[in-house]
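Trainee: no sequence on this one, just coordinates:
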Ligand SMILES: Nc1ncnc2c1ncn2[C@@H]1O[C@H](COP(=O)(O)OP(=O)(O)O)[C@@H](O)[C@H]1O
Ligand SMILES: [Mg+2]
């Protein structure tokens, strides 16, 4: 049997049991509303546009934050790959920063920027920057020396060599860095939105929770998970695969 | 003399900081248009020597003069082909061959020039292909076209066919010989295959190992195409074999001694 069918059957059974349990009143609706209720909530949220505005607001913050993270991460990555001093100082602290969930910066960010978009974007930036920097550094350090020697015999050197050989040679790592940066930024965004003001998916999640609207809570959770999975698998993993193939990294 | 290698010495420092001599007192004179093979057992410093001529590696002492100028860095007068094709996977075949031309000519001229050399290696039908879509032999032909495209005086080749199967290698030998006849390049061809060196070159420099020295310099006076002079080739092969056998025995006995002393 194909994995797709196995998956469909598996989720079908889970959903049926869940729906059945809720309808038989095995637990109260506030604990876990039936899937049908969740679908109704999602549908009405989309119909009256509130969820779409939330999505738009979240994506706007994410786009700004992720763009800054990718640019900043790339710059730091190039710097620490090229300068031993920078690597010994900045480079060694990156891992420490990377191992702290970026949401812990939110209290500070709120003091600096206020309880607004900027604080959330700041957290998103921190979520993506370090992992991007680490990957870019690895990518540049792992450029096959043979490429560089070959390019040198063809007259390439300095910045020209960097732009035409070192940079493109490390693109697989840039792609992986971007994928991880997106994943961390997405988590940071939702966490940040849960704790600040709306509109936004995270904000709506907390708002619904405050009013005991559990079917909306689960609906938003599903949206967050679905977007995370779709972007990762349909966009980044595909790019990663085709780049790996072209760059001769996979068989 | 077109290429003069004078009193060349090269040492590397090993992990413990001790210097080890890889090339010792190398003296060579090579004429313009000559096809010269550098033959020797693995580890004797052939790649190092070629890399020094390419300007990729510094010398410890001595000098290399090409056409009256001392070599200190890489230059487009010397094209290099490595054992691995070293094509850039992110650009297609045509763009790879255009790589060395980008700076000095218009896009149109560069395209024409690249196409000319791709035709020479019979790859005109693969301009749009990416390196990973080509076989090893085809990749190596692209690499040869790429080195030729900048029209260097000297073609440096470091075991360019070492990773290919026998049939492909034989075909590429013929192609290289044709290209050499047509372009009149001076070729420095590193190999550890005796038959390959006899098939292709005007001269064979036989190197010994630990440290790398020139053992002898053999003229290959066989008219081309050489496949018609098999007995003469065998004669030279036996002659060269005599030199190399001593070297290989030396390496083997050193390795045995090393094993027993560890
Ligand atoms: N960058 C390097 N640093 C230290 N030792 C080296 C380096 N390059 C080559 N060698 C040593 O020099 C010797 C000759 O190497 P090489 O020129 O590659 O030989 P060949 O091409 O004839 O097989 C080897 O013993 C090798 O270990
Ligand atoms: Mg070698």
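Mentor: Structure's in. What do you need? Quantities reported herein were computed from a predicted structural model and do not represent experimental measurements. Ligands and ions are numbered 1, 2, ... in the order given.

Trainee: report how many residues lie close to the residue nearest to residue A:46 when sequence neighbours are not counted.
Mentor: Distances taken as Cβ to Cβ, 6 or more residues apart in numbering or on different chains place residue A:52 nearest to residue A:46, at 6.4 Å, with adjacent residues excluded. Any C-beta I mention is one placed from the backbone N, CA and C, and that applies to glycine too. The number of residues packed near residue A:52 is 13, by other Cβ atoms under 10 Å in any protein chain shown.

Trainee: and the pLDDT for residue A:52?
Mentor: For residue A:52, the model assigns a pLDDT of 91.

Trainee: flag every buried residue along the strand or helix carrying it.
Mentor: According to DSSP states H and E, residue A:52 maps onto helix A:50-82. Buried positions in helix A:50-82, judged by neighbour count with 16 or more other Cβ atoms under 10 Å in any protein chain shown: A:50-51, A:54-55, A:57-58, A:61-62, A:64-66, A:68-70, A:72-74, A:76-81.

Trainee: tell me the spacing between whichever residue of the stretch 151-262 of chain B sits closest to chain A and residue A:150.
Mentor: Closest approach between the stretch 151-262 of chain B and chain A, counting by Cβ to the nearest Cβ: residue B:156, at 7.9 Å. Residue B:156 sits 12 Å away from residue A:150, going by Cβ to Cβ, to the nearest Å.

Trainee: quickly list what's touching both of the two.
Mentor: residue B:80 (Cβ atoms under 8 Å, 6 or more residues apart in numbering or on different chains).

Trainee: correct me, but the residue nearest to residue A:46 touches residue A:59?
Mentor: No. Contact criterion Cβ atoms under 8 Å: residue A:52 and residue A:59 do not qualify, at 10.5 Å.

Trainee: list the contacts of residue A:39.
Mentor: By Cβ under 8 Å, 6+ apart, the residues touching residue A:39 are residue A:219.

Trainee: pLDDT score for the nearest residue to residue A:198 once chain neighbours are set aside?
Mentor: In this structure, residue A:198 finds its nearest non-sequential neighbour in residue A:204, 6.5 Å apart by Cβ to Cβ, 6+ apart. Here the pLDDT value assigned to residue A:204 is 91.

Trainee: and residue A:204, which helix or strand is it part of?
Mentor: Going by DSSP H and E, residue A:204 is part of helix A:201-210.

Trainee: buried ones in the next helix or strand after that helix, by neighbour count?
Mentor: Later in the chain than helix A:201-210, the nearest helix or strand by DSSP H and E is helix A:214-230. Across helix A:214-230, burial judged by 16+ other Cβ under 10 Å covers A:214-220, A:223-224, A:227.

Trainee: any idea which of those residues is closest to ligand 1?
Mentor: The shortest approach to ligand 1 among the buried residues of helix A:214-230 belongs to residue A:227, at 49.6 Å (Cβ to the nearest ligand atom).

Trainee: pLDDT score for the closest one?
Mentor: So residue A:227 comes in at 92 (pLDDT).

Trainee: which positions in chain B make contact with ligand 1?
Mentor: B:12, B:22, B:40, B:42-48 (Cβ under 6 Å from any ligand atom).

Trainee: now those residues: which count as buried?
Mentor: B:22, B:40, B:44-48.

Trainee: just the residues you listed: which are in strands?
Mentor: Among these, DSSP state E puts residue B:22 in strands.

Trainee: residues in contact with the residue in chain A positioned nearest to ligand 1?
Mentor: Taking Cβ to the nearest ligand atom, ligand 1 has its nearest neighbour within chain A at residue A:145, 10.0 Å off. With contacts taken as Cβ under 8 Å, 6+ apart, residue A:145 has no neighbouring residues.

Trainee: for it, phi and psi?
Mentor: Torsion angles at residue A:145 (phi, psi; degrees, to the nearest 10) stand at phi -60, psi -30.

Trainee: what of residue B:10?
Mentor: Residue B:10 has phi and psi values of phi -140, psi 130 when expressed as degrees, to the nearest 10.

Trainee: between the buried ones among the residues of chain B next to ligand 1, which is closest to residue B:99?
Mentor: Nearest to residue B:99 among these: residue B:47, at 22.3 Å, using Cβ to Cβ.

Trainee: next, work out how far apart that closest one and residue A:90 are.
Mentor: Noted for residue B:47: a distance of 37 Å to residue A:90, by Cβ to Cβ.

Trainee: for residue A:216, same thing?
Mentor: From residue A:216 to residue A:90 the distance is 43 Å (Cβ to Cβ).

Trainee: tell me which parts of chain A are close to chain B?
Mentor: A:146-147, A:149-156, A:160, A:164-165, A:168-169, A:171, A:245-248 (Cβ under 8 Å from any Cβ of the partner chain).

Trainee: give me the element residue B:217 is part of.
Mentor: Element membership of residue B:217, judged by DSSP H and E, is strand B:213-219.

Trainee: so which elements touch the helix or strand following that strand?
Mentor: Following strand B:213-219 in sequence order, the next helix or strand is helix B:230-261 (DSSP H and E). Of the remaining helices and strands, those touching helix B:230-261 by 3 or more Cβ pairs under 8 Å, 6 or more residues apart in numbering or on different chains; DSSP states H and E are helix B:194-200, strand B:203-208, strand B:213-219.

Trainee: mean pLDDT for those: which is lowest?
Mentor: Among these, strand B:213-219 carries the lowest mean pLDDT (a mean of 83).

Trainee: tell me what it is packed against?
Mentor: strand B:19-30, strand B:203-208, helix B:230-261.

Trainee: mind giving me the packing neighbours of the second one?
Mentor: The reference is to strand B:203-208. So strand B:203-208, by 3+ Cβ pairs under 8 Å, 6+ apart, packs with strand B:35-39, strand B:213-219, helix B:230-261.

Trainee: can you lay out these as CSV showing distance to residue A:141 and mean neighbour count?
Mentor: Below are the helices and strands packed on strand B:203-208 laid out as CSV (distance: least, Cβ to Cβ, whole Å; neighbours: other Cβ atoms under 10 Å in any protein chain shown):
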stretch, distance to residue A:141, mean neighbour count
strand B:35-39, 33, 25
strand B:213-219, 37, 16
helix B:230-261, 34, 13
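
Trainee: hey, least reliable of the ones you listed by pLDDT?
Mentor: helix B:230-261 (a mean of 75).

Trainee: center of the chain, which residue is that?
Mentor: Just so you know, I chose chain A. Per Cα atoms, centre = their mean, the C-alpha nearest to the average position across chain A is that of residue A:183, at 2.2 Å.

Trainee: my question was about chain B, not that one.
Mentor: Central residue of chain B (Cα atoms, centre = their mean): residue B:157, 2.2 Å from the mean position.

Trainee: look up which residues are beta-bridged to that residue.
Mentor: When assigned by DSSP bridges, residue B:157 has beta-bridge partners residue B:81, residue B:189.

Trainee: isn't it up against residue B:190?
Mentor: Yes. With contact defined as Cβ under 8 Å, residue B:157 reaches residue B:190; the gap is 6.5 Å.
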